[in-house]
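J.: Mind looking at a prediction? Sequence and model below.
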Amino acid sequence: MSPKGQKYLGLAILAWGGTFIYQVPLLRYILYEPMREALGLNHSEFGNLQAWYGYLSAACHFPGGWLADRISPRKLLSFSFFTTALLSFWFATFPGYDVLVVIHALWGVTTTLTFWAAMVRACKDMAGSAEQGKFFGVLEGGRGVTNLIGTTLALLAFDLMADQVAGVRAAVLVKALGCLLAAVMTWFFFKDPVELKPSPSLLKDVVATMKSPLVWALSLIVFCGHASFTIGSYMTPYLTEVSGFTAAAAGFAATAWLYVGQIAAAPVSGVLSDKFGRLLFMGCCFALMALLCLVMVLLPGNPEAAVLTVMTFVFFFLAVYAVRGVYFSGMEDLRIPASLAGSAVGMASVIGFTPEFVTFKIAGPLLDKYPGARGYKYLFTAGVIVAAVGLAVCLVVLAAVNRRKKEAAAA
């Protein structure tokens, strides 16, 4: 196979595995009540399982980056897919609560410590300097396609079974087999993009990463992109509580703009960001997000504005997924050293994914205190601020990068 063909095969394997590795740990998002009943848990116990998964994931991001700088992506990825699949098969036996806690905690390790930074680093190394945006965008879009395939197969398996317990087990097994297939494909067909040349000192790497303003800039860009995504998740309840949509109509609209955003916007954004500049492109997307959140603040908040509301949400998610598709490609423009790429991803993920916890802790009480359109206006005002910060970071860093290029050219 040609080197180019090997690259795209590797990217396809990353897209497949990068979706299926999360599909059982996050299956609750599409089969919440059937899963809870099959496991025999109350809502608090079921929520605690996800909390344990979140705690371990958060703790593993930074050390996972350090590992990605030292161990072959092929080995890390194969291990991650294989162990996650084994844990999923164990989960399909529907063990007791204490064992389920252990499984979710171990999932936090296998999907983060040995996987996340290794996947990002592998994509970065495969792309080369000229196609960072394209490869990261195609990876995000490919994960969207694979997610649609995996979800469809799991729901079909669930519907074919005679009862809900058997249906949940069938759905879990389908997704576990998809993850096991990823392990096999990675071990036999994935080629490590480059030979790793890590620093010998863990402490030196940690200090260098923490002291680097470029890594902090990357972390802030990821933070603003992910915070915008989590704020956008409240657009679905906005449709039902403010715009007068039925729950089914709002769910259909949300599903449509989420899949269209991920599958279509991410790959296109990758190509455009390589052509026009990754930092400039992300800055434009943040500017569009800020403008659209401002539109939501200014809209009257009634059913009469429903069409404009839906159109605003569609373009908002296109911009969000455009940023999500390429924010790690910014490492190339930021000139983060190759030896610290994994550590940079780890730190950026620790900081960048905190909205996964913080946004919902703030938004829930806010919407309870100010019911109706008023609470959502406050929430979308926060969206304006977050996107504006993302725009400011992109512009400041872009100015610094351009200034450095001019100084290098003059020298």
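T.: Sure thing, it's come through. Residues are numbered from 1 along each chain as shown.

J.: What separation do you get for L367 and V242?
T.: Going from L367 to V242 by CB to CB, to the nearest Å gives 11 Å. C-beta here means a position set from N, CA and C on the backbone, and glycine is covered the same way.

J.: got any residues that touch both of these two?
T.: Y376 (CB atoms under 8 Å, 6 or more residues apart in numbering).

J.: residue contacts, the residue nearest the centre of the chain?
T.: Residue closest to the mean C-alpha point of the chain, counted by CA atoms, centre = their mean, is R324 at 7.1 Å. Residues in contact with R324 (CB under 8 Å, 6+ apart) are E140, G225, H226, F229, Q262, A266.

J.: just to revisit the earlier point, which of L367 and V242 has more residues huddled nearby?
T.: Per other CB atoms under 10 Å, whichever of L367 and V242 has more neighbours is V242, with 23 against 19.

J.: got a list of what the residue nearest to P193 when sequence neighbours are not counted touches?
T.: Leaving out its chain neighbours, the residue that sits closest to P193 by CB to CB, 6 or more residues apart in numbering is D125, at 3.6 Å. For D125, the contact set (CB under 8 Å, 6+ apart) comprises P73, P193, V194, A338, A341.

J.: Ok, F353 next?
T.: By CB under 8 Å, 6+ apart, the residues touching F353 are A58, H61, V222, H226.

J.: Between the residues you listed, identify the one with the most neighbours.
T.: V222 (26 neighbours).

J.: To which secondary structure element is that one assigned?
T.: Assigned by DSSP states H and E, V222 falls within helix 213-232.

J.: Which positions in the helix or strand just after that helix come out as buried?
T.: Using DSSP H and E, the next helix or strand after helix 213-232 towards the C-terminus is helix 235-241. Buried residues in helix 235-241, defined by neighbour count with 16 or more other CB atoms under 10 Å: M235, T236, P237, Y238, L239, E241.

J.: separation between the fourth one and R404?
T.: Right, Y238. Going from Y238 to R404 by CB to CB gives 43 Å.

J.: can you check the third one too?
T.: Distance of P237 to R404, given as CB to CB: 45 Å.

J.: Quick check: next helix or strand after the host helix or strand of A266?
T.: Assigned by DSSP H and E, A266 belongs to helix 266-276. Where DSSP H and E defines the elements, the next helix or strand beyond helix 266-276 is helix 278-298.

J.: neighbours of F94, just the number please.
T.: 16.

J.: Which of the helices or strands spans it?
T.: Using DSSP H and E, no helix or strand contains F94.

J.: do the same with S129
T.: Assigned by DSSP H and E, S129 belongs to neither a helix nor a strand.

J.: Disregarding residues adjacent in the polypeptide, which is nearest to it?
T.: Spatial nearest neighbour of S129, excluding adjacent residues (CB to CB, 6+ apart): E332 at 5.6 Å.

J.: how does the protein divide into domains?
T.: Domain ranges of the chain: 3-191, 205-410, per automatic domain parsing.

J.: other SSEs contacting the one helix or strand A344 maps to?
T.: Using DSSP H and E, A344 maps to helix 341-352. Contact partners of helix 341-352 among helices and strands, from 3 or more CB pairs under 8 Å, 6 or more residues apart in numbering; DSSP states H and E: helix 43-68, helix 116-127, helix 202-211, helix 213-232, helix 330-334.

J.: and of those helices, who's closest to G17?
T.: Nearest to G17 among the helices and strands packed on helix 341-352 is helix 116-127 (7.8 Å), distances taken as CB to CB.

J.: next SSE after the closest one?
T.: Counting by DSSP H and E, what follows helix 116-127 is helix 132-160.

J.: what about the residue nearest to the centre of the chain, distance to S273?
T.: Going from R324 to S273 by CB to CB gives 12 Å.

J.: what about the chain, any weak spots by pLDDT?
T.: Across the chain, the ranges flagged by pLDDT under 70 are 196-203, 205.

J.: helices or strands up against the top helix by length along it?
T.: Ranked by number of residues, the top helix in the chain under DSSP state H is helix 373-410. Helix 373-410 sits against helix 213-232, helix 278-298, helix 330-334, helix 355-369, with contacts defined as 3+ CB pairs under 8 Å, 6+ apart.

J.: Just after the longest one, pick out the following helix or strand.
T.: What it means is helix 278-298. Next in sequence after helix 278-298, counting helices and strands by DSSP H and E, comes helix 306-326.

J.: which residue packs closest to F360, ignoring adjacent ones?
T.: Distance criterion CB to CB, 6+ apart; nearest residue to F360, sequence neighbours excluded, is T230 at 7.1 Å.

J.: can I assume F380 is in contact with L291?
T.: No - F380 is beyond contact range of L291, at 11.5 Å (criterion: CB atoms under 8 Å).

J.: which one of those two has more residues nearby?
T.: Higher neighbour count among F380 and L291: F380, with 24 against 16, using other CB under 10 Å.

J.: what sits against the more buried one?
T.: Listed by CB under 8 Å, 6+ apart, the contact set of F380 reads I231, C293, L294, M296, V297.

J.: Surely the fourth one and K377 touch.
T.: Read that as M296. Yes - under the criterion of CB under 8 Å, M296 makes contact with K377 at 7.5 Å.

J.: Those two: who's more crowded?
T.: Under the neighbour definition other CB under 10 Å, M296 and K377 were set side by side, and M296 has more, 25 against 17.

J.: Look up how far F315 lies from the closest residue to that one other than its chain neighbours.
T.: Counting by CB to CB, 6+ apart, F380 is the residue found nearest to M296 once chain neighbours are left out, at 4.2 Å. F380 sits 14 Å away from F315, going by CB to CB.
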